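[1] Provide a 3D model corresponding to the input given below.
(one chain, ligands or ions: 2)
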Amino acid sequence: MRDGSPPAGAGEYRALSRLISRIENHPGAAASIIADLWSRTGRARRVGLTGAPGVGKSTLADQLITAARDGGLTVAVIAVDPSSPFSGGAILGDRVRMVRHSGDPGVYIRSMAARAHLGGLAAATRDVAYVLEAFAFDLILVETVGVGQSELEIMRLADTVVVVTAPGFGDAVQTLKAGILEIADVLVVNKADRPGAKETVMQLREMRRLVPHHDAWDVPVVETTASTGAGVADVWEAIRRHGEHLRTSGELEARRGRRAEREVLALVEAALASRVRATVHDRGEPAELLARAKRHEADPHSTAKAILERLIPPEGR
Ligand SMILES: Nc1nc2c(ncn2[C@@H]2O[C@H](COP(=O)(O)OP(=O)(O)OP(=O)(O)O)[C@@H](O)[C@H]2O)c(=O)[nH]1
Ligand SMILES: [Mg+2]
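    Residues are numbered from 1 along each chain as shown. Ligands and ions are numbered 1, 2, ... in the order given. The predicted model follows:
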């Protein structure tokens, strides 16, 4: 299955889509789904694509799909739109941009919108990525608009993060502010056919010197015109080289370890938070303490400390 042959027939794709829908729509469904297919995960290459709306992420994704298919790899794309509560314009755009691959059985494209998930979009994306790994895709591309915290979370699911920018889409400093530059493994200046591309490349090279990569990797800055395909081979090569760097430096294992740790802690924290909420709103001492705080009879800090001590005895912490 790792030789570029389609990972699934149409029937298996239907099963795959059903599993993903269950994860999106039923909180709690993911736990058993992921446990069941866990032994088949862990072999895919995960690449994230992020950047401001309209910089050309989907157009580039479309070109990368072609590059991957030419290299004999199967590809799954998750297009995540954290901004839209409904399947809105951006996701439609993503679909349209990659439509030429829709007849290829070695390519699977799935959109996820904010409304999809009750337990958080980042959590859903994380679980969907595992499902796609289990269905033996060689490459998983995750596209998301790079603006907020949840997008950073989503990008941390990737082994290699490609940050896409374009001339006229805000300067490099804005990119830095969003905290995105720190997680970039490959920087792409798309729309190189537009004026200002060279300046953007120079700005990014300068930023890259000021914000060194955390893991002794010289972040390449690549110019592309995704709409024609110019420069895409260089992006593909940069992704390949970064993959090699990850493997030889031990950073791949380190990244995956950190990812596993974050996932476990996030799940524990979420479960704990919902238990705490259920308990303090129920009855007994924690509920009484909360009621006192609501009546302005106790301050929030002492109340929180007291509730915590009732819920988790000090020696258990
Ligand atoms: N001139 C020029 N236009 C491009 C290039 N790449 C993409 N575009 C156009 O830019 C527009 C946005 O492209 P998308 O690929 O949808 O951008 P995106 O970043 O995925 O957008 P969102 O998913 O909405 O955030 C489309 O009209 C593309 O045809 C390029 O290299 N040059
Ligand atoms: Mg897009």
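
[2] can you give me the strands in this protein?
    In the chain, the strands defined using DSSP state E lie at 45-51, 75-81, 107-113, 139-145, 160-165, 186-189, 221-223.

[3] With mean neighbour count added, can I get these in a markdown table?
    To be clear about C-beta, it is placed using only N, CA and C from the backbone, and glycine gets the same treatment. Formatted as a markdown table, the strands of the chain follow (neighbours: other CB atoms under 10 Å):
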| stretch | mean neighbour count |
| --- | --- |
| strand 45-51 | 26 |
| strand 75-81 | 27 |
| strand 107-113 | 21 |
| strand 139-145 | 26 |
| strand 160-165 | 26 |
| strand 186-189 | 28 |
| strand 221-223 | 21 |
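
[4] Against residue 113, how distant is residue 38?
    From residue 38 over to residue 113 the distance is 27 Å, taken as CB to CB, to the nearest Å.

[5] Equivalent analysis for residue 45, please.
    Between residue 45 and residue 113 the computed distance is 25 Å (CB to CB).

[6] And residue 20, by the same measure?
    In this structure, residue 20 and residue 113 are 13 Å apart, going by CB to CB.

[7] Can you name the residue of the stretch 1-150 of the chain nearest to ligand 2?
    Of the stretch 1-150 of the chain, the residue with the smallest distance to ligand 2, taken as CB to the ion, is residue 58 at 3.3 Å.

[8] Residue 166 is in contact with residue 195, correct?
    No - proximity of residue 195 to residue 166 does not meet the contact threshold set by CB atoms under 8 Å, at 11.3 Å.

[9] Neighbour count: the two, which is higher?
    Per other CB atoms under 10 Å, whichever of residue 195 and residue 166 has more neighbours is residue 166, with 23 against 9.

[10] what's near enough to touch the more buried one?
    Listed by CB atoms under 8 Å, 6 or more residues apart in numbering, the contact partners of residue 166 are 51, 52, 54, 55, 56, 189, 190, 191, 194, 197, 200.

[11] Produce a ChimeraX select command limited to the buried residues of these.
    Buried residues among the contacts of residue 166 (16 or more other CB atoms under 10 Å), as a ChimeraX selection:
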select :51,52,55,56,189,190,191,197,200
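
[12] Among the contacts of residue 166, which are located in helices?
    Among the contacts of residue 166, the members falling in helices are 197, 200 (criterion: DSSP state H).

[13] Run through the stretch 151-300 of the chain and note the low-pLDDT ranges.
    Counting by pLDDT under 70, the ranges of the stretch 151-300 of the chain that qualify are 170-178.

[14] mind listing the helices for it?
    172-177, 197-210, 232-249, 251-281, 284-294, 300-311 (DSSP state H, counting those that start in this stretch).

[15] Could you do the stretch 1-150 of the chain as well?
    Going by DSSP H, counting those that start in this stretch, the stretch 1-150 of the chain shows helices at 10-25, 29-37, 57-70, 89-97, 121-134, 149-155.

[16] Give the buried residues for the first one.
    Which is helix 10-25. In helix 10-25, the ones that count as buried by 16+ other CB under 10 Å are 16, 19, 20, 23, 24.

[17] Taking the residues you listed together, which two end up most distant?
    The two members of these with the most space between them (CB to CB) are 16 and 24, at 12.8 Å.

[18] How about the contacts made by the most centrally placed residue in the chain?
    What sits nearest the mean C-alpha location of the chain, by CA atoms, centre = their mean, is residue 154, with 2.5 Å. Residues in contact with residue 154 (CB under 8 Å, 6+ apart) are 48, 50, 80, 82, 121, 122, 125, 142, 144.
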